[in-house]
Structures are given as C-alpha cells and as structure tokens.
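**Student:** The following block contains a protein sequence and its predicted model.
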Amino acid sequence: EYLADCDARRAFISGFTGSAGCAVITKNGAYMFTDGRYFIQAAEQMDSNWTLMKQGLPDVPTWQDFLHKNLPNNSRIGIDPQLLLAADAKTIKEQLSPKSSQLVSIPTNLIDLVWGSNRPSRPENSVFHLPVEYAGQSSEDKIAGIRKEIKEKHKEAEALVVNMLDEVAWLFNLRGSDIAYNPVFFAYAVLTHSKSTLYIRPSQLSSSSAAELLKTSHLPPDVEICPYDSIFDDLKKLSAELKPQGKKILVSNKASLAVEDALLSGAGEGGKDVVQVVRSPVTDAKAIKNEVEVEGFRQCHLRDGAALARYFAWLQEQLEKGVELTESSAADQLELYRSENDLFKGLSFPTISSTGPNG
C-alpha cells in the first residue's frame, strides 16, 4: 500500500491517490480499475479523460480480463516489467495468446517520460544496523540457515534471488526509511553457497568503504556490496555462468517480471530450465519469530498501550472542557505521546482519526 513518491505513477497520471487501483491507457481511452472502497474518491479526483471501472459490480472485468476481453486482436500491451509479478505476467500472456496479443516489456516507464524532471528523485536515506539484541539472530546465522534450506530442499540450486525489501532487511539485519511507515530500503540480494551480494545505492551507506560497512554493520565476511543499478546485468551474467553447469537459480514467486527477464536473457536459448520459481525460503524463516523478537513485540505493545492510555485521558479532558478537536490535531497528539516513548522510530501507518460527519 505504501510507495516512495517517485513510484506514485498512477496518482501522477490520473490524480487518483487511493491505495488500490490499476490504470490501463489505450490509444483511445484511459481506464481506472479500483474496488468499492474508492469509487467516490476516484470519481472526485479524476477528470473526464478517465473511465472509472468499478470492480466487483456485474459485468465489470478486472484489469487483467479487460486486456484479453476488451482489447482487439493482435494488440501489443506495454508494461514496466519491474511493476508486474512474473507469475501474473505468465497468466496474462496465456490469456492473450488465443487473440495473438502480446505483453511487451518496456525498458523505460512511459509515465516517467511524461513526468520528466518533475518526478521526485528516488529516496536514498541512510541504512542502519539492527543489533542482535533486538533481532535475536545474527545476519551470518540467518544466511547460513537459508543456505542449509536450499541445500536440503533444492539440491540443484546454486543461487537465490531475494527481491522483497522486507526480506533483504531481515536477512542482513539492516533497516532504512525509503518508504513511509516501513523500515525498509531499496535493495536486492543474491545468495550463492559461497557468497552473498547486497545491491544497494552507495550513498545510503554511512561508511566510506564497503570494508568499513561490513565491520560496522556486523555483516558476514562473505558479503559483497554492489551498486543497486547493477542487479539486472549481474543476473544475466549469473544465469549465463550457471546454465552450462546445469545449476538452477531460485526466484521467489513474488519476483518481478524484470528479474525473470534478466535471468532468461542471460541464459539464452533453453534458459527456462535455469530459473526455478519457489516460495522464498526467506519468507518462511522470517515468519518464525525467535524469543527476542517475541519479547520485543510484548514490550512494544506495553509502551504503545501506555501512550494510548495517556491519549484517552487527554481526549476525555479536552471533551469535558468543550474543546473542539480536528481529526488532525487529535492524531498529532497521539503521535506526540508515542514519540516520547523509548525506542520510538515512527508510526507504522497514519493514525485513522475521524470526527463529525466522518466519525
């Protein structure tokens, strides 16, 4: 639901800022697909160039069905491969095939070309280390556990591509603030049996050198740090290297089409055998919380509960005094109380505050 400002392309091109929706733009029309939570908002925010597709109502297709049911035969449908899951792309391609239509990966997002110099720059906020006293397990142990899982369950696999931001953050015990309300940073990772590679923008590293970062961030000695933008070229090289060896590269079922495209491009003809789509082993390892993490949750809820108790007492006092509060001022007061707690880093989502006709 949360994006960096530079990735809010739908909002830029349409004006619709709801958290769920997909825009399909053709030569003759522009269509916005969203669900019942946002029918009113979308209608108010978009102009007459747009047709609102009210998903869930009778005879209204999903945006995926729209592509093969409403567009003419032999259509070439452009997409940004970094924004579409490879699994979803496979389904859409299968649906388009009977109509001789194609899904075409476009190297440069067309919305970005329209946005031009006004597009916000991609965040490059500093990344910091999460100590073991809070994580409960070192990055070295986590990586070793993932490698063990790969050896036991995927014997032909030589590498794993980690693309989900929360999984990269968990695996390396690093945290960031590139996306509002989420302690993550833009990065990829590739794990082999002998090396771990972290792809991140150098400007986000507080240390002046990779060697210093490995030391100050308590990263395992086999971790190599590479520029974020080199990930796709490196994936091509990796698949080209492993294909002759008969080795496989594990890719999460949440990986983008861009990741799959890069691997298949590098492997060349017959390269599909190199890529194996699986449920990410990092997903499962991350879901099993250790004792330190569980205790951290308990302590966090105690601190937050105290902040809420202070807020409710304050709210009752204000109401008894006849003070008129706005939704914003009430939310700001609650955030103030929370921010005064030890270890506070920020909200996990904007406070949902309502009064008057919105209550």
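**Tutor:** Now that the structure is in, tell me what you want to look at.
**Student:** Note down every partner strand of the helix or strand harbouring Y31 and its orientation.
**Tutor:** Counting by DSSP states H and E, the element that carries Y31 is strand 30-34. Strand partners for strand 30-34, identified by DSSP bridges, are recorded as strand 22-25 (antiparallel), strand 50-54 (parallel).
**Student:** how about the ones you listed, which one is nearest Y199?
**Tutor:** strand 22-25 (27.6 Å; Cβ to Cβ). For glycine as for every other residue, the C-beta is placed from the backbone atoms N, C-alpha and C.
**Student:** Poorly predicted segments of the stretch 251-359 of the chain, please.
**Tutor:** 358-359 (pLDDT under 70).
**Student:** Kindly list the main-chain dihedrals of V251?
**Tutor:** phi -130, psi 130 (degrees, to the nearest 10).
**Student:** That one reaches V161, doesn't it?
**Tutor:** Yes - using Cβ atoms under 8 Å, V251 is in contact with V161, at 5.2 Å.
**Student:** What ranges does the stretch 201-350 of the chain have for its helices?
**Tutor:** 210-216, 231-242, 257-267, 281-287, 291-320, 327-339 (DSSP state H, counting those that start in this stretch).
**Student:** same deal with the stretch 1-150 of the chain?
**Tutor:** 9-14, 39-45, 63-69, 86-96, 110-115, 132-135, 139-153.
**Student:** Give me whichever of those is most buried.
**Tutor:** helix 9-14 (a mean of 18; mean count of other Cβ atoms under 10 Å).
**Student:** now for that one, which elements pack on it?
**Tutor:** strand 22-25, helix 110-115 (3 or more Cβ pairs under 8 Å, 6 or more residues apart in numbering; DSSP states H and E).
**Student:** Could you dump these into JSON lines and include distance to I225 and mean pLDDT?
**Tutor:** Listed next are those as JSON lines, based on distance: least, Cβ to Cβ, whole Å; pLDDT from 0 to 100:
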{"stretch": "strand 22-25", "distance to I225": "35", "mean pLDDT": "96"}
{"stretch": "helix 110-115", "distance to I225": "27", "mean pLDDT": "96"}
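**Student:** For burial, what's the neighbour tally of L250?
**Tutor:** 23 (other Cβ atoms under 10 Å).
**Student:** correct me, but it touches N163?
**Tutor:** No - contact between L250 and N163 fails when scored by Cβ under 8 Å: they sit 11.3 Å apart.
**Student:** Neighbours of the nearest residue to S196 once chain neighbours are set aside, how many?
**Tutor:** If the residues on either side of it in the chain are set aside, S196 comes closest to V223, at 4.7 Å by Cβ to Cβ, 6 or more residues apart in numbering. Using other Cβ under 10 Å, V223 has 20 other residues around it.
**Student:** closest one to E327 among the strands paired with strand 30-34?
**Tutor:** strand 50-54 (26.5 Å).
**Student:** List the buried residues of that closest one.
**Tutor:** In terms of neighbour count (16 or more other Cβ atoms under 10 Å), strand 50-54 has its buried residues at W50, L52, M53, K54.
**Student:** In PDB, could you pull the C-alpha coordinates for it?
**Tutor:** Only the C-alpha atoms of strand 50-54 are listed here, as PDB (Å, rounded to 0.1, in the frame of the first residue of the first chain):
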ATOM      1  CA  TRP A  50     -10.800   8.700 -17.400                       C
ATOM      2  CA  THR A  51     -13.400   6.000 -17.300                       C
ATOM      3  CA  LEU A  52     -13.900   4.500 -13.800                       C
ATOM      4  CA  MET A  53     -14.100   0.700 -13.800                       C
ATOM      5  CA  LYS A  54     -16.000  -0.300 -10.700                       C
END
